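*Asks:* sequence plus predicted model, see below.
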Amino acid sequence: MSKLKDMLAGSRWFQELSADVQRRVEADTIARAVAKGGFVCREGDAVDHWIGVTEGLVKIAMVNATGKLFNAMVVPAPGWFGEGSVLKDEPRRYDAIALRDSHIAYMPRATFRWLSDNNIAFVRFLMVQLNERLGQFIGAVESDRLLGPDERVARCIASLFNPILYPGMSSVLPLSQEEIGCLVGLSRQRVNRSLKLLEDAGLLRVDYGGIRVLKLGGLYDFQAGA
DNA sequence: TCATTAAATTGTT
DNA sequence: AACAATTTAATGA
């Protein structure tokens, strides 16, 4: 396993810090390995850390009152999440679960606050990240209202591969069709039909327990019947 | 390593 | 929602 510093070095915001600041961040941050299926953090937890995926893949999900699963997003390495919760000082509202064996970095709130109070480059990173994510969620709402199911599945998958937000995303997405349904807001059966359609169009490949993206641009621009 | 069994996922109705 | 078929993971010889 690589050292924490090597793992942090994979994140662009960390690269932009001066050497002494890097040392402090490294000293404060806790690293942990989380096996596939394990919890990275849980709903209701006190928010004591900003969380980084230094290796692997994590999904952000919550279970609503009626027991239905909602997958909000998927975070590949080297991605960080939970800055909203750290800023707001509330209990966590979602679970984070490892989709593969992953390495997770936990930066204490105090360090996060110190960085955002003192480091312009870090603040800029946060702004870009928050803005990009806002764009992603607006896009998701737009897709929900304006597009048909097949297009929604295609767009939703494509948006997970946003190169600015998720530069490290590999082409395989280890989510079952049921879980993709929870991500898009469609039944498993409907997702199954859509995936098959997209596979026939040569845009992705359906594997057992996951999919592989073949043509990202084609997925984003996909239109049924076109 | 191989065969068997259980569990998860998928394709279809 | 239900069912059968398929794939993977786990178990033990």
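*Replies:* Cool, got the structure. Residues are numbered from 1 along each chain as shown, chains lettered A, B, ... in the order given.
*Asks:* for chain A, which segments count as strands?
*Replies:* With DSSP state E, the ranges of strands along chain A come out as A:30-34, A:39-41, A:49-55, A:57-63, A:69-76, A:79-81, A:95-98, A:102-108, A:172-173, A:204-207, A:210-213.
*Asks:* so of those strands, which one's packed in deepest?
*Replies:* Comparing those by mean neighbour count (mean count of other Cβ atoms under 10 Å), strand A:49-55 ranks first with a mean of 24. C-beta here means a position set from N, CA and C on the backbone, and glycine is covered the same way.
*Asks:* by contact count, what packs against that strand?
*Replies:* Applying 3 or more Cβ pairs under 8 Å, 6 or more residues apart in numbering; DSSP states H and E, one finds that strand A:49-55 contacts helix A:4-8, strand A:39-41, strand A:79-81, helix A:83-88, strand A:102-108, helix A:109-118.
*Asks:* adding distance to DNA strand B and mean pLDDT, write those out as a markdown table.
*Replies:* Output for those, formatted as a markdown table (distance: least, Cβ to the nearest atom of the strand, whole Å; pLDDT from 0 to 100):
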| stretch | distance to DNA strand B | mean pLDDT |
| --- | --- | --- |
| helix A:4-8 | 27 | 91 |
| strand A:39-41 | 16 | 96 |
| strand A:79-81 | 22 | 96 |
| helix A:83-88 | 27 | 92 |
| strand A:102-108 | 17 | 97 |
| helix A:109-118 | 34 | 97 |
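*Asks:* adding distance to A:Ala96, write the ones you listed out as a markdown table.
*Replies:* Listed next are the helices and strands packed on strand A:49-55 as a markdown table, based on distance: least, Cβ to Cβ, whole Å:
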| stretch | distance to A:Ala96 |
| --- | --- |
| helix A:4-8 | 17 |
| strand A:39-41 | 4 |
| strand A:79-81 | 7 |
| helix A:83-88 | 11 |
| strand A:102-108 | 9 |
| helix A:109-118 | 16 |
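*Asks:* residues in contact with the residue nearest to A:Ile30 when sequence neighbours are not counted?
*Replies:* Counting by Cβ to Cβ, 6 or more residues apart in numbering, A:Ile30 lies nearest to A:Tyr106, which is 4.5 Å off, once chain neighbours are set aside. The neighbourhood of A:Tyr106, defined by Cβ atoms under 8 Å, 6 or more residues apart in numbering, consists of A:Thr29, A:Ile30, A:Ala31, A:Arg32, A:Asp48, A:His49, A:Trp50, A:Ile51, A:Gly52.
*Asks:* what do you get if the cut-off is 10 Å, keeping everything else the same?
*Replies:* Residues in contact with A:Tyr106 (Cβ atoms under 10 Å, 6 or more residues apart in numbering) are A:28-32, A:40-41, A:48-52, A:82.
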